[in-house]
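Novice: Sequence and predicted structure, then a few things I'm wondering about:
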Amino acid sequence: MTAAENVCYTLINVSSESEPPSEVTLKADLEKGEIKAKTEALKKVIIMILNGEKLPGLLMTIIRFVLPLQDHTIKKLLLIFWEIVPKTTSDGKLLQEMILVCDAYRKDLQHPNEFIRGSTLRFLCKLKESELLEPLMPAIRACLEHRHSYVRRNAVLAIYTIYRNFEQLIPDAPELIHDFLVNEKDASCKRNAFMMLIHADQDRALDYLSTCIDQVHTFGDILQLVIVELIYKVCHANPSERARFIRCIYNLLQSSSPAVKYEAAGTLVTLSSAPTAVKAAAQCYIDLIIKESDNNVKLIVLDRLIELKEHPTHERVLQDLVMDILRVLSTPDLEVRKKTLQLALDLVSSRNVEELVIVLKKEVIKTNNVTEHEDTDKYRQLLVRTLHSCSVRFPDMAANVIPVLMEFLSDTNEAAAADVLEFVREAIQRFDSLRPLIIEKMLEVFHAIKTVKIYRGALWILGEYCSTKDDIQSVMTEVRRSLGEIPIVENEIKRDSGEVKADDEVSAAPAQKLVTEMGTYVTQSALSSNRPSKKEEDRPPLRGFLMDGDFYVAASLATTLTKVALRYVGIVQDKKKQNSFVAESMLIMVTVLHLGKSSLPKKPITDDDVDRISLCLKVLSECSPLMNDIFNKECRRSLSHMLTVRLEEEKLSQKKESEKRSVTVQADDPISFMQLTAKNEMTSKEDHFQLSLLAAMGNTQRKEANDPLASKLNKVTQLTGFSDPVYAEAYVHVNQYDIVLDVLVVNQTNDTLQNCTLELATLGDLKLVEKPSPLTLAPHDFANIKANVKVASTENGIIFGNIVYDVSGAASDRNCVVLSDIHIDIMDYIQPASCTDAEFRQMWAEFEWENKVTVNTNITDLNEYLQHILKSTNMKCLTPEKALSGFCGFMAANLYARSIFGEDALANVSIEKPIHLGPDAPVNGHIRIRAKSQGMALSLGDKINLSQKKSNV
């Protein structure tokens, strides 16, 4: 059995630089050395035994010269030594020397020092030899009556482990501990004794609890936790006992210990699904989230609340607690706020939506008053999106929300403003009654918009939805105000010359003097230093964007002016006014074109923008009904169609979610009566204490285990050939952050192989935790060696190495068998995830590592190829199904996944079907992968390359 399989009680740090000492030196130090030398020698002996050395000659030396010493450090080291030293002969019989050791420990159990007694009792918990324990039983029993609680609580633990392993040594242990528990006053001793009774004799534990059930709230938290566990286990095994203990659990919800409250709330929900119980548990969870300062605790408890919400009968109860849940928003951590808002949004109903919106509006206003911080902007975005969702689901709320949110269009944070703009666009299209209000607010904030992207969107909304004469005139006024005096080019040249004259008048002001390294004075013109900033301040916003060379906004402006001009012509009958308005619109477009062609802007206008503005000029000069229809009806129809599709998708996903959660009961299902149910049927629900223990140990039962193809055999890697003297194969078990290699080593020779050692090395972000211990293999014998490897990031890792051994009786050097490489699959760490289009674009722009993979496949269908890639890479397709449906010869889709280490992976699939090559021609194109780290991008590219072709099996 290797170190990886043994239960580990003590961790010992070993310095790798020190040379292993000889047995003779150690013997001399142990016999004649000072206390310090003996201590160091004993430490070296322990390390050598842990590394596989036997050292049988030192056993008697330690018994004679070290065991009688009274030094506390020596005694502590001796406890470790006796724990690890082999205590039996090769045929399994106890060594004679152990009788002397046993006598020494009997004396230690009667030692006046409580530390020595207590630590000796702890050591006895780890002994697995009943012959050694039997003579010590009277001394262990006597320790239950010691004056010090440290000795008593360790005595209880020792009795528990001895009773569990060797019941015959102390058959009356439960009765003994029950009597001890009744008279004990110390909390830690009571906790240990009660825990033993839970596992050894549950009836006695229940008897004790029944006698003191009304005093449970006065107990210490460590005892309360064990009582919660007992109540859960009893009620889980025998549901008829629930009524007896449920009040006790209610009382424990008021405990001063957060851990007890958390466990009691979890137990209460599993024992009762009554609305009052669910409400009390949820209220307890909310209080814990608010009062606990650790964000990890907040997130864990929030997850429990989300789990409660998943149950259809509990959701109604939680809806009444939405306002309490929103108190969690006082936490500054963004992740906690994100989960809280999502939970509140899932629970919102027509009964509480008004209160929810009021709280969220206050939170939005608060974010405007706090000092700028990176998370403040993101939090504001979250609030805007939540309000957006509320308004879409409950249209009556939109009128309250819009005025508050419109203020944020002038925000310097483009992302938050873009979310507001998207919300406003959807609201103005969906809710006809709100259009006048939205137009009015939009015109109010229009001049204050600071970012060009938001300006473009606001222009589009105004151009699309201004339908009255006054609104159209207001739009034109705002555009002229934002553009400044026209023609722009002449005005800019005048301003330049005018500013020069103005500065010349004050040129008598003293110029700033600077001193160079050589000691001479240099004068700097005040004109050159002040002029740019003054010009920047004076420029209206739209002119500022154009002077910076951003002419895409000019194309948007031309479209807006064309729409409002065509609408104005339709509304106003006066020909003179019609011509005047159209001429003004055309003048603005022409002056922008002139500016773009001049050398004044930082960047010249692009050909695309020139074409767009020229097209708009042509449309206004002709005013044909067809163009009027395209500009004023088709654009809105496209938006309406897009919003309808998005709403359908949201409804479909909500329907799928509710179908998952709904409990379907058929008409002919049998009715379950608790009194008539067999005991084994009652325990069908899983024990969550047992599940959490299994999860902590990494033994979670996976659903795939039922699938025969997902058996262990699929993960076995052959490391050596069948003709090699040592055959080896490894089962690779991936458990999130670590990998366990279970290597089977078979001696195929007729010789005994000594010091057979598995030597491993890693490539990539992998780290070997421990060096496997050497083995001795008899002829044709086999053994299992386990090795742990830690994983630090998502990239393809390689484990390689060899097996070295000595042949018994041979004079040759050590033999070596080189092993095949073990490739660690990146797919074990990648999970599908979702993000918004804006987040995807932002990450795509930020991530610096790109890997372009050329499509090389035998698949002939575009959709089939995409599904194959999704299955092979564990990624999620962000492009909606409707966008991918139909056939047009090409396809583009965005994919996204996140690793368990929090690394993001993006991919863009651009593929086409070359129709000219016939129906059987394979798909071709490219897949571009982007990631923050090089390893992730390369590993994902390699995975796609390996799995592109579909096997015919």
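Specialist: That came in fine, so what should we check first?
Novice: which residues touch stretch 37-55?
Specialist: Contacts with stretch 37-55, where a contact means C-beta atoms under 8 Å, 6 or more residues apart in numbering, come from 3, 12, 14, 20-21, 23, 26, 29-30, 33, 58, 62, 65-66, 69, 71, 73-74, 77-78, 80-81, 84-86, 773-774. Placement of C-beta: from N, CA and C, glycine included.
Novice: quick one: low-confidence parts of the stretch 101-250 of the chain?
Specialist: The stretch 101-250 of the chain contains no residues with pLDDT under 70.
Novice: returning to what we had before: drop anything exposed from the contacts of stretch 37-55.
Specialist: When the contacts of stretch 37-55 are checked for burial by 16 or more other C-beta atoms under 10 Å, the buried set is 23, 26, 29-30, 58, 62, 65-66, 74, 77-78, 80-81, 85, 773-774.
Novice: So which of those is the closest to Val853?
Specialist: Among the buried ones among the contacts of stretch 37-55, Ser773 lies closest to Val853 (C-beta to C-beta), at 43.5 Å.
Novice: Can you classify the closest one as helix, strand or coil?
Specialist: Following DSSP: H, G, I helix; E, B strand; the rest coil, the label given to Ser773 is coil.
Novice: Same check on Gln573?
Specialist: coil.
Novice: what residues are up against the closest residue to Asp221 other than its chain neighbours?
Specialist: Spatial nearest neighbour of Asp221, chain neighbours left out: Ser257 (3.4 Å); criterion: C-beta to C-beta, 6 or more residues apart in numbering. By C-beta under 8 Å, 6+ apart, the residues touching Ser257 are 221, 224-225.
Novice: likewise Gly764?
Specialist: Gly764 sits in contact with 795-798, 824, 935, where contact means C-beta under 8 Å, 6+ apart.
Novice: Pipe those residues into CSV and attach distance to Ser350 and pLDDT per row.
Specialist: Below are those laid out as CSV (distance: C-beta to C-beta, whole Å; pLDDT from 0 to 100):
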residue, distance to Ser350, pLDDT
Glu795, 50, 69
Asn796, 52, 70
Gly797, 53, 77
Ile798, 58, 85
Ile824, 52, 78
Gly935, 50, 79
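Novice: which of these count as buried?
Specialist: Buried, going by 16+ other C-beta under 10 Å: 795-797, 824, 935, out of these.
Novice: among these, which are in helices?
Specialist: Among the buried ones among the contacts of Gly764, DSSP state H puts Gly935 in helices.
Novice: Okay, buried residues for the helix or strand hosting Val226 please.
Specialist: Counting by DSSP states H and E, the element that carries Val226 is helix 221-237. Going by neighbour count (16+ other C-beta under 10 Å), the buried part of helix 221-237 is 221-236.
Novice: And stretch 260-270, by the same measure?
Specialist: For stretch 260-270, by 16+ other C-beta under 10 Å, it's 260-269.
Novice: so for it, what's the average pLDDT?
Specialist: The pLDDT scores in stretch 260-270 average 86.
Novice: residue boundaries of the helices in the stretch 551-700 of the chain?
Specialist: 552-571, 575-597, 607-622, 625-629, 635-661, 679-682, 688-696 (DSSP state H, counting those that start in this stretch).
Novice: Give me the neighbour count for Tyr285.
Specialist: 24 (other C-beta atoms under 10 Å).
Novice: so it makes contact with Asp303?
Specialist: No - here Tyr285 does not reach Asp303: they are 9.9 Å apart, not a contact under C-beta atoms under 8 Å.
Novice: Just give the closest residue to His823, not the sequence neighbours.
Specialist: That would be Ile798: by C-beta to C-beta, 6+ apart, it lies 5.8 Å from His823.
Novice: which residues does the one you found bridge with?
Specialist: The partner list for Ile798 in beta bridges (DSSP bridges) reads Leu763, His823.
Novice: what's near enough to touch it?
Specialist: Ile798 touches 762-764, 821-824, counting by C-beta under 8 Å, 6+ apart.
Novice: from these, which single one is nearest Thr313?
Specialist: Once C-beta to C-beta is applied, the member of these that ends up nearest Thr313 is Ile824, at 44.0 Å.
Novice: which residues sit in contact with the closest one?
Specialist: Shown in contact with Ile824 (C-beta under 8 Å, 6+ apart): 732, 734, 739, 764, 766, 791, 796-799.
Novice: and these as CSV, adding distance to Leu100?
Specialist: Below are the contacts of Ile824 laid out as CSV (distance: C-beta to C-beta, whole Å):
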residue, distance to Leu100
Val732, 47
Val734, 48
Ile739, 45
Gly764, 52
Leu766, 47
Val791, 48
Asn796, 56
Gly797, 51
Ile798, 52
Ile799, 46
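Novice: Out of the residues you listed, which one has the lowest pLDDT?
Specialist: Asn796 (70).
Novice: Quick check: closest non-adjacent residue to that one.
Specialist: In space, Asn796 is closest to Ser939, 4.3 Å off (C-beta to C-beta, 6+ apart).
Novice: same deal with Ala427?
Specialist: Using C-beta to C-beta, 6+ apart, the closest residue to Ala427 is Ala398 (5.3 Å).
Novice: Same check on Ser621?
Specialist: That would be Met586: by C-beta to C-beta, 6+ apart, it lies 7.4 Å from Ser621.
Novice: just Ala139 next, same as before
Specialist: Excluding the flanking residues, the one nearest Ala139 by C-beta to C-beta, 6+ apart is Leu109, at 3.9 Å.
Novice: how many neighbours does the one you found have?
Specialist: For Leu109, using other C-beta under 10 Å, the count is 21.
Novice: doesn't Arg117 make contact with it?
Specialist: Yes - using C-beta under 8 Å, Leu109 is in contact with Arg117, at 6.1 Å.
Novice: residues shared between the contacts of the two?
Specialist: Cys143.
Novice: Measure how buried the residue nearest to Glu335 when sequence neighbours are not counted is and give me the count.
Specialist: The shortest distance from Glu335 to any non-neighbouring residue, by C-beta to C-beta, 6+ apart, is to Leu299 (6.5 Å). If you count neighbours by other C-beta under 10 Å, Leu299 ends up with 14.
Novice: ok, now which ones touch Leu299?
Specialist: 335-336, 339.
Novice: Now do the contacts for the residue nearest to Ala139.
Specialist: Neighbours of Leu109 in contact, by C-beta under 8 Å, 6+ apart: 117, 120-121, 136, 139-140, 142-143.
Novice: for the residues you listed, which one is nearest His641?
Specialist: Leu121 (77.3 Å).
Novice: Quick one: classify that closest one as helix, strand or coil.
Specialist: Taking three-state DSSP, the label given to Leu121 is helix.
Novice: rewinding a little: show the buried residues in the contacts of Ile798.
Specialist: 762, 764, 822-824.
Novice: Compute the distance between the spatially closest residue to Val619 that is not a sequence neighbour and Leu209, please.
Specialist: Spatial nearest neighbour of Val619, chain neighbours left out: Met627 (4.6 Å); criterion: C-beta to C-beta, 6+ apart. For Met627, the distance to Leu209 equals 85 Å [C-beta to C-beta, to the nearest Å].
Novice: swap in His217?
Specialist: Counting by C-beta to C-beta - His217 and Leu209 are separated by 13 Å.
Novice: OK, contacts around Leu546?
Specialist: Leu546 touches 488, 553-554, 592, 595-596, 601, counting by C-beta under 8 Å, 6+ apart.
Novice: tell me which element the residue nearest the centre of the chain falls in.
Specialist: Most central in the chain under C-alpha atoms, centre = their mean is Gly902, positioned 6.0 Å from the mean C-alpha point. Under DSSP H and E, no helix or strand contains Gly902.
Novice: cool, and the one 3 residues further on?
Specialist: In this structure, Ala905 sits in strand 904-912 according to DSSP H and E.
Novice: If we go by neighbour counts, what in the very next helix or strand once past that strand is buried?
Specialist: Counting by DSSP H and E, the next helix or strand C-terminal to strand 904-912 is strand 924-931. Under the neighbour-count criterion of 16+ other C-beta under 10 Å, strand 924-931 has 925, 927-931 buried.
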